[in-house]
Structure formats: C-alpha cells, structure tokens
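J.: my questions are about this predicted structure, shown below with the sequence.
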Amino acid sequence: MRPLARRQEPSSEASSFRESAWKLYLAGMVVLTAIYILADFFGPRWLNSGPVYNVIGASTVVALIVGAKLNAAERRLPWYLFALGQACFVTGDVLAYNYQRFFGTELPSPSIADGFYLAFYPLLIAGLLLLMHERSENRDRASLIDASIITVAAAAVAWVYLMAPYAHDHTLTLPTKLISIAYPLMDVLVLGVVLRIAVGTRRREPAFALLVCGTGARKFTWQFLRCVGKLCCFRRGLSIPLTSHSRS
C-alpha cells in the first residue's frame, strides 16, 4: 500500500511572512489614513478625496482574502463573507459619492447605493455567527442572556431616537421610511452578535480582539455621527432620512 503523503510544513520564510504581513498592512493603512485626514487641513487636496478613501476601504477586501488564504486554511468562509460585505460597502460608497457622474442626476433617496450598504450587514452577521459557531461557544446560555439584555436596551434607545421619528414622519415615502429604519435596525443586530461573542468567549487572541473592537468602533462611530447629524437637523427644523443620501 502506498503511504499517505505527509502534509508539507510551511517554511520559516513563509511563517515569518505571515507573522509580519498583517503588521505591515496595519502600519501602512494607519499612515495612509493619517495622510488622508491631515490632507484636509494642510493639503494637497487630492489626498483627501474619494478615490483615496475608496482605496483604503477596498484594500481591506484584498487583505481579508489574502489573510484567509495564508492563515485560515480550514475555516475561510467567515473571512470571505467579511470580504464580500466590505466589497458591498465600498461599492455603495463609490455609487453614493459618484452618482451624478455615473447617472447624470442627483443622488435620490433611497438609491441603489443603499442596497449595497445594507447588503454589508447580513454578510457581516453571517461571518460573525460562523466564527462563533467554530469557537464552540454558541451553547453558553449565560452569555446569551447577558448579551440579549444589553441588545434589547440598545434596541429600545435606537427605536425611540433613530427609528420612530422616521416611522411617524408622514412626509416621507414608504421606501424612504423602510431604508431609514433598516440602518439602525441592522446596527442593533450587529451589536447583539458582537456582544454575544465578546461576553461569551474564553479565548481572546489578538485577531479576536481586533475583530470585535474594529466592528464595535465602526458601529459606534456611525451611530455617533448619525446622532450628531440628527441633532443638527432637529435644531434647524429638518428631517433627513437615513439613506445613502445622508452619507454623502
């Protein structure tokens, strides 16, 4: 009988590359993001532009795919879902910020960009649920209850301040109402899954911490900007729907 081929172990050079690749990428993105922000104050202006912003976002798609191929040989699907979701989000940005250039009219509300923005959420949630299942922590009822309590409280606040005003605004069309409510609703669902993973895990590798903190920071930042925008609009007596139009 022919002996089974032994699995080839990665070389030291390959292992070293895997260990340093994410650090190099992170450092490069920190520098590029800092340049993008500072260029708004000191110039040149082309560095603080839509293409540079989209390059930063699109680079994460490549990083997720490459990282999955290098480090997650047997569980790549969650990371591919993250990459696909990020690709949808970047596509939404490209369409929202260049709608007039592409279609010759002002960005409507809602628009085709909203479909890509909202597609990001179920892909992110599915990826997070798969990671949670693979960590064999989906049967921890105590952490499920803890996460549910916080999520329900957040959902109540989101409904009062972010969803109900649009649901009761008779000046908005039904599609605009649904899209405006969908954004904070999806944010609450993401929050619930992130909390479930955060309070239920017993293994806290650096990749896990970066994933949870990055997802949480992204949702917190968007909700903070949304609340600030709503406060400014209410002071001016305006009601702006939460669609791709409010992102651009």
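T.: Thanks, I have the structure now.
J.: for this protein, give me the ranges with low pLDDT.
T.: The chain contains residues with pLDDT under 70 at 1-17, 135-140, 200-208, 216, 218-248.
J.: tell me where it has helices.
T.: Ranges of helices in the chain, per DSSP state H, are 12-42, 50-71, 77-97, 99-103, 112-134, 141-158, 164-167, 174-200, 206-235, 244-247.
J.: mean neighbour count added to these, as JSON lines?
T.: (C-beta placed from N, C-alpha, C; glycine too.) Shown next, in JSON lines, are these (neighbours: other C-beta atoms under 10 Å):
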{"stretch": "helix 12-42", "mean neighbour count": "12"}
{"stretch": "helix 50-71", "mean neighbour count": "16"}
{"stretch": "helix 77-97", "mean neighbour count": "21"}
{"stretch": "helix 99-103", "mean neighbour count": "12"}
{"stretch": "helix 112-134", "mean neighbour count": "19"}
{"stretch": "helix 141-158", "mean neighbour count": "14"}
{"stretch": "helix 164-167", "mean neighbour count": "15"}
{"stretch": "helix 174-200", "mean neighbour count": "20"}
{"stretch": "helix 206-235", "mean neighbour count": "13"}
{"stretch": "helix 244-247", "mean neighbour count": "21"}
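J.: tell me the contacts of residue 119?
T.: 85, 88 (C-beta atoms under 8 Å, 6 or more residues apart in numbering).
J.: redo that, cut-off 6 Å
T.: The neighbours of residue 119, taking C-beta atoms under 6 Å, 6 or more residues apart in numbering as the test, are residue 88.
J.: that one and residue 125: what is the separation?
T.: 11 Å (C-beta to C-beta, to the nearest Å).
J.: residue 29 too?
T.: Taken as C-beta to C-beta, the span from residue 29 to residue 125 is 24 Å.
J.: next one: residue 160
T.: Residue 160 sits 23 Å away from residue 125, going by C-beta to C-beta.
J.: again, but for residue 186
T.: 8 Å.
J.: same question for residue 25.
T.: Plainly put, residue 25 is 25 Å away from residue 125 if you go by C-beta to C-beta.
J.: for residue 49, what are phi and psi?
T.: phi -140, psi 170 (degrees, to the nearest 10).
J.: look up how far residue 55 lies from it.
T.: Distance from residue 49 to residue 55, by C-beta to C-beta: 10 Å.
J.: just residue 48 next, same as before
T.: Distance of residue 48 to residue 55, given as C-beta to C-beta: 12 Å.
J.: next: residue 105.
T.: 26 Å.
J.: cool, residue 115 as well?
T.: From residue 115 over to residue 55 (counting by C-beta to C-beta), the distance is 23 Å.
J.: and if you look at residue 133?
T.: 33 Å.
J.: distance of residue 81 from residue 125?
T.: 9 Å.
J.: residues touching residue 146, list them.
T.: Contacts of residue 146 (C-beta under 6 Å, 6+ apart): residue 199.
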